[in-house]
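Trainee: I would like to see how this sequence folds:
(chains A and B)
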Protein chains: 2
Amino acid sequence: MAHVFEQLGLIGCGLMGGSFALALKRAGLVKRVVGYSKSPSTTERARQMGVIDVEAPSALLAVSGADIVLLAVPVSATEATFKAIRHLINGNMLIMDVGSTKRDVVDAARRVLRDHIGSFVPCHPITGKEVSGVEHADPDLYAGRQVILTPIERTQVNHLKRAQDMWEGLGCKVEQMSPESHDAAFAAVSHMPHLIAFALMNGITGQAQGQEFLSLAGPGFRDFTRIAAADPKMWRDIMLANKQELIAQTKIFQRTLDAMQAAIEAGNSEALESMIHQASTTRAHWRISSHKK
Amino acid sequence: MAHVFEQLGLIGCGLMGGSFALALKRAGLVKRVVGYSKSPSTTERARQMGVIDVEAPSALLAVSGADIVLLAVPVSATEATFKAIRHLINGNMLIMDVGSTKRDVVDAARRVLRDHIGSFVPCHPITGKEVSGVEHADPDLYAGRQVILTPIERTQVNHLKRAQDMWEGLGCKVEQMSPESHDAAFAAVSHMPHLIAFALMNGITGQAQGQEFLSLAGPGFRDFTRIAAADPKMWRDIMLANKQELIAQTKIFQRTLDAMQAAIEAGNSEALESMIHQASTTRAHWRISSHKK
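Mentor: Residues are numbered from 1 along each chain as shown, chains lettered A, B, ... in the order given. Predicted coordinates:
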């Protein structure tokens, strides 16, 4: 049974943060939500929509009196946000983030939170939406999704357990791994696909007939490039934060692509079919890991 | 108003052919379907399912008495199929294919059909399904989809018009272009995404932690790699048939990917954001061209 929190301090009232507040409220896991966003109009909108109950004039004041805090800000703003709130952090407060990279977030936490780092449980809920903003906040965003927790050696077990119970209370499947393993895995299965999708789009539009080509694209292209519509600043930050792993994955991908290209150029039908067969079989057997299929 | 055909000769009773027969029947555009598949069990299954009315023991006999013929075979089997049926082709017969590449199909038609080439209207319906086989035949497969016709100078206008009216009668949006333009466009927006999706899957599974990485992948990965589950023989054939355009697109894509990678390695935040922004804006404004959205 998940613990019921008194007050959520929500920093960042966009899609991720707003959806979290709505989900936590609906599950009956929090009594009150105090929210802050960098943009006052977002904070006001969040209150008007009932996503938050009270508007805070600063990140620090959003944390005041909270027993659970969620940072739902771009990963590049994590360190500054920690700095803004550290004076009001206490050992009874569960602090979490929802960033798509974890090593940089953990490093920022180590630098800024110091003695309070035990309260911080780094989280990455695996959701997929190419829209942003509180107007798209959805209490079902996290339901059935996987959430990765990347505790470090100084994370307190009581906070880790509360975080796990809380996400499970929202219908999530929770996994734990190291920040390093997390970043390697998501470079491969998330950051790399985004990078490829961006590059493919730009490669097409850079051609004289690019617009005509795009007008002919079908459902396969639609699904393949869906992630290319993602938020530029957010993805710039993710890619720079996870540079090392991403570059490593780029090299692996390029080698595999080169091998397929060589088979095509050589007209090596057997080798090409075998490579496609391997990919096709792997993908046909793959299932998304979540409660809902 | 589309012409009502007396008899469809269907060669290949799989997903594409079976769905076509069902759609044509439901639209009241054909009275009788005679079908042939290389595998007798497929032909029998198609008859049992009501996809075809009569089983033909050969491709030639499927064509006998037909006023409309559809080749729904792998592109690599097109030439052999033309050879198998050419003795029964007459000038009143509309012959079409549904292949994903058009230059190779047109070349095969020129070589084999000769004086009867005017009856042949090369077609490419843009559908998206990663399943195959007559058991997935679906009368709605083509509804609302785009169909590209790639007539050549010797194509007869009466047949071209009948083909256009027929596809429109199935609820398709019909476009015409040259076989060369078709193959260049689909190398960019279809064949290249498939090649990339295959390479990405193989790059991941080739890593020691590949299976663990895959178990963490989310909805973005699911949609991005959906096309990687496509049929290996079909895609081997498409890639080899459209080798030249595909290699050209691979080079363009690799240059774009290299540029993004360089920006990441250099930590050039501004350049990276600008590239992602371009891709994101293009994709956000793109809409699939079809009657249904």
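Trainee: for residue A:137, which non-adjacent residue is spatially closest?
Mentor: Nearest residue to residue A:137 in three dimensions, chain neighbours excluded: residue A:18, at 3.0 Å (Cβ to Cβ, 6 or more residues apart in numbering or on different chains). Any C-beta I mention is one placed from the backbone N, CA and C, and that applies to glycine too.
Trainee: any stretches of chain A with poor pLDDT?
Mentor: Within chain A, the segments meeting pLDDT under 70 span A:1, A:128, A:130, A:290-293.
Trainee: report the central residue of it.
Mentor: Centroid check for chain A by Cα atoms, centre = their mean gives residue A:100 as the closest residue, at 3.6 Å.
Trainee: hang on, the earlier thing: what's the spacing between the residue nearest to residue A:137 and chain B?
Mentor: 19 Å (Cβ to the nearest Cβ, to the nearest Å).
Trainee: residue contacts, that residue?
Mentor: The contact partners of residue A:18, by Cβ atoms under 8 Å, 6 or more residues apart in numbering or on different chains, come to A:46, A:49, A:51, A:72, A:134, A:136-137.
Trainee: ok, now with 6 Å
Mentor: A:46, A:51, A:134, A:137 (Cβ atoms under 6 Å, 6 or more residues apart in numbering or on different chains).
Trainee: what's downstream of the helix or strand it falls within, the next helix or strand?
Mentor: In the assignment (DSSP states H and E), residue A:18 maps to helix A:15-26. Using DSSP H and E, the helix or strand that follows helix A:15-26 in sequence is strand A:30-36.
Trainee: what lies in contact with that following strand?
Mentor: A:5-11, A:13, A:21, A:24, A:43, A:46, A:52-54, A:56, A:59, A:62.
Trainee: distance between that strand and the chain's centre?
Mentor: 21 Å (Cα atoms, centre = their mean, to the nearest Å).
Trainee: can you check stretch A:15-28 too?
Mentor: That offset, for stretch A:15-28, works out to 15 Å (Cα atoms, centre = their mean).
Trainee: again with stretch A:73-80
Mentor: Relative to its parent chain, stretch A:73-80 has a centroid offset of 13 Å by Cα atoms, centre = their mean.
Trainee: do me a favour and get the end-to-end distance for that stretch?
Mentor: 10 Å (Cα to Cα, to the nearest Å).
Trainee: buried ones in it, by neighbour count?
Mentor: Buried residues in stretch A:73-80, defined by neighbour count with 16 or more other Cβ atoms under 10 Å in any protein chain shown: A:73-79.
Trainee: quick check: which element contains the closest residue to residue A:26 other than its chain neighbours?
Mentor: Excluding the flanking residues, the one nearest residue A:26 by Cβ to Cβ, 6+ apart is residue A:139, at 4.8 Å. Under DSSP H and E, no helix or strand contains residue A:139.
Trainee: now residue A:79. Nearest residue, chain neighbours left out?
Mentor: Using Cβ to Cβ, 6+ apart, the nearest residue to residue A:79 is residue A:108, at 3.8 Å.
Trainee: what residues does the helix or strand harbouring the one you found touch?
Mentor: Taking DSSP H and E as the criterion, residue A:108 maps to helix A:103-113. For helix A:103-113, the external contacting residues (Cβ under 6 Å, 6+ apart) are A:78-79, A:82-83, A:86, A:97, A:99, A:117, A:120, A:122, A:152, A:179, A:183, A:241.
Trainee: list the buried ones in that helix?
Mentor: A:103-106, A:108-109, A:112-113.
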